[in-house]
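> got a sequence here, can you model it:
(2 chains)
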There are 2 protein chains.
Amino acid sequence: MDDERIDTGRSETEQAIMDATLRALAEHGYADLSIKNIGTEFEKSTSLLYYHYENKDELLLAFLDYIIDLFVASIDPDADDPDAELREFVEYVLPPEDGPDTCDTIPPAVPFHEDAEPFQRVIFELRTQTIHDEAYREKFGRMESHMVETVTALIRREMDAGNYREMNAEIMAENLMAFLFRSLDVRITGTRPESAHMMRESVYFLLDNVMPKGSHPEDAAREQRDFDA
Amino acid sequence: MDDERIDTGRSETEQAIMDATLRALAEHGYADLSIKNIGTEFEKSTSLLYYHYENKDELLLAFLDYIIDLFVASIDPDADDPDAELREFVEYVLPPEDGPDTCDTIPPAVPFHEDAEPFQRVIFELRTQTIHDEAYREKFGRMESHMVETVTALIRREMDAGNYREMNAEIMAENLMAFLFRSLDVRITGTRPESAHMMRESVYFLLDNVMPKGSHPEDAAREQRDFDA
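Numbering: from 1, shown residues only, chains lettered A, B, ... in the order given. Reported below is the predicted structural model:
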């Protein structure tokens, strides 16, 4: 699946500009990004960049929209099997089960994208701009709300089908997302990579022992005690 | 308590330099910080800055050490009442219970510091440097590990005293910290402030319904259902 690309409906040129922007951001970082070094990564004429985008800021906002579209495409609220969709989604974000505690390998948080590691770092760095820039705040806010709402919808569908127990689906979705965000964060920053593996335990404790109807809280507590022992 | 200052053992001059650095960072951000604008915020001669620190990078690393000392002082693993210490700590980080969903008010994550809001934003911005800078990664890593280990120690003490049920204290500490980090993050970035209030629910669900020995999992599940209803 790593070779597949998500089709976000961009034209070939727009897609090539998005790819060039990602490469330039990965190499130079947000602070040193310029149309010039995006142009260096772009196979066609730099003048084409100006034809599509007035300036660097406009291009970066278009790049953010592209990221949002990729994230939106990474989890489907209408998937046939909501539980399977949730499990597939968390596996994209969590570190490999038998992987090292270190940050040496970072799997794709955004599926189907060939440049997973620089992509994650770029998103992390762009997200910092939310502090200073209202447009960034609005776009990242929309993306995060979409993720929470989609996870909530998938949980609700399993509740309605009688497979998950009755719960506050939105709080459960927020908990899952908090674990996933922390898992991504510590691996990108490298501050505490071992936390990512703890987050894996926590995510699967919810998916296996808290959410399914068969998982009586009492059983879950006993399993947690066995696990702890 | 807002007026109190944590004594981190800095000399009066060093403390004044740390305060000036915080003000300069809050005003100019990391990217535009210079010794010159730290000097502008500093009441004494700029030459004193160079007497204490060779350059801006050295000063910023000293500032990070100062932040670490403040965080370390904000939670005491040997507190008389570990449960009370945990509850006091989470209240410093979480949004006010009856506060707005918006980011208009940000309470002190680091207690006893007069400039809570810029302080949090500055830490957030400095933490982004972990991507590029090994020294920042090491220092933030040390700080976060210290927090997790201190929360773990407090949980273990309540388990040993028979007040908390048997559990994996470290995973529980990681869960609490994931909720607290997410709560801080969404308020500083402004991406999804309502998540901060959800994190409050989640933190107190653990503190009230999962961790204490009296909170039978069955009761907890019932209370959650009542809460959800």
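> which other helices and strands does the helix or strand that contains residue A:118 contact?
Under the criterion of DSSP states H and E, residue A:118 resides in helix A:116-128. Other elements packing on helix A:116-128 under the criterion 3 or more C-beta pairs under 8 Å, 6 or more residues apart in numbering or on different chains; DSSP states H and E are helix A:12-28, helix A:56-73, helix A:134-160, helix A:169-189, helix B:116-128. In this view, the C-beta of every residue, glycine as well, is placed from N, C-alpha and C.
> number of residues surrounding the nearest residue to residue A:26 once chain neighbours are set aside?
Spatial nearest neighbour of residue A:26, excluding adjacent residues (C-beta to C-beta, 6 or more residues apart in numbering or on different chains): residue A:118 at 3.2 Å. Using other C-beta atoms under 10 Å in any protein chain shown, residue A:118 has 15 other residues around it.
> again with the one 4 residues further on
Applying other C-beta under 10 Å, we find 23 other residues in the vicinity of residue A:122.
> how about residue A:156?
When neighbours are counted by other C-beta under 10 Å, residue A:156 registers 18.
> could you count how many residues lie near the closest residue in space to residue A:38 that isn't next to it in sequence?
Of all residues not flanking residue A:38 in the chain, residue A:24 sits nearest, at 4.5 Å (C-beta to C-beta, 6+ apart). Neighbour count for residue A:24, taken as other C-beta under 10 Å: 23.
> now stretch A:41-55: buried residues?
Neighbour counts over stretch A:41-55 (16 or more other C-beta atoms under 10 Å in any protein chain shown) mark A:41, A:42, A:49, A:53 as buried.
> swap that for stretch A:17-34, please
Buried residues in stretch A:17-34 (16+ other C-beta under 10 Å): A:17, A:18, A:19, A:20, A:21, A:22, A:23, A:24, A:25, A:26, A:28, A:33.
> residue A:53 contacts residue A:63, correct?
No: Residue A:53 lies out of contact with residue A:63 (C-beta atoms under 8 Å); the separation is 9.4 Å.
> of the buried residues of stretch A:41-55, closest to chain B?
For the buried residues of stretch A:41-55, the closest approach to chain B (C-beta to the nearest C-beta) belongs to residue A:41, at 19.5 Å.
> the closest one and residue A:25 touch, don't they?
No: with contact defined as C-beta under 8 Å, residue A:41 does not reach residue A:25; the gap is 9.4 Å.
> domains for chain A, by residue range?
A:1-73, A:78-228 (automatic domain parsing).
> for those domains, which one sits closest to residue B:128?
domain A:78-228 (4.7 Å; C-beta to C-beta).
> hang on, the earlier thing: with pLDDT added, can I get the buried residues of stretch A:17-34 in TSV?
Below are those laid out as TSV (pLDDT from 0 to 100):
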residue	pLDDT
A:17	93
A:18	92
A:19	89
A:20	92
A:21	92
A:22	88
A:23	88
A:24	90
A:25	87
A:26	83
A:28	85
A:33	89
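> coming back round to it: overlap in contacts, residue A:41 and residue A:25.
Residues touching both residue A:41 and residue A:25 by C-beta atoms under 8 Å, 6 or more residues apart in numbering or on different chains: none at all.
> make JSON lines out of the buried residues of stretch A:17-34 and add distance to residue B:126.
Listed next are the buried residues of stretch A:17-34 as JSON lines, based on distance: C-beta to C-beta, whole Å:
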{"residue": "A:17", "distance to residue B:126": "32"}
{"residue": "A:18", "distance to residue B:126": "30"}
{"residue": "A:19", "distance to residue B:126": "31"}
{"residue": "A:20", "distance to residue B:126": "30"}
{"residue": "A:21", "distance to residue B:126": "26"}
{"residue": "A:22", "distance to residue B:126": "25"}
{"residue": "A:23", "distance to residue B:126": "27"}
{"residue": "A:24", "distance to residue B:126": "24"}
{"residue": "A:25", "distance to residue B:126": "20"}
{"residue": "A:26", "distance to residue B:126": "22"}
{"residue": "A:28", "distance to residue B:126": "20"}
{"residue": "A:33", "distance to residue B:126": "20"}
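> from residue A:210, how far out is the spatially closest residue to residue A:37 that is not a sequence neighbour?
Leaving aside its chain neighbours, residue A:37 sits nearest to residue A:24 (4.8 Å; criterion: C-beta to C-beta, 6+ apart). Distance of residue A:24 to residue A:210, given as C-beta to C-beta, to the nearest Å: 43 Å.
> great, nothing more from me.
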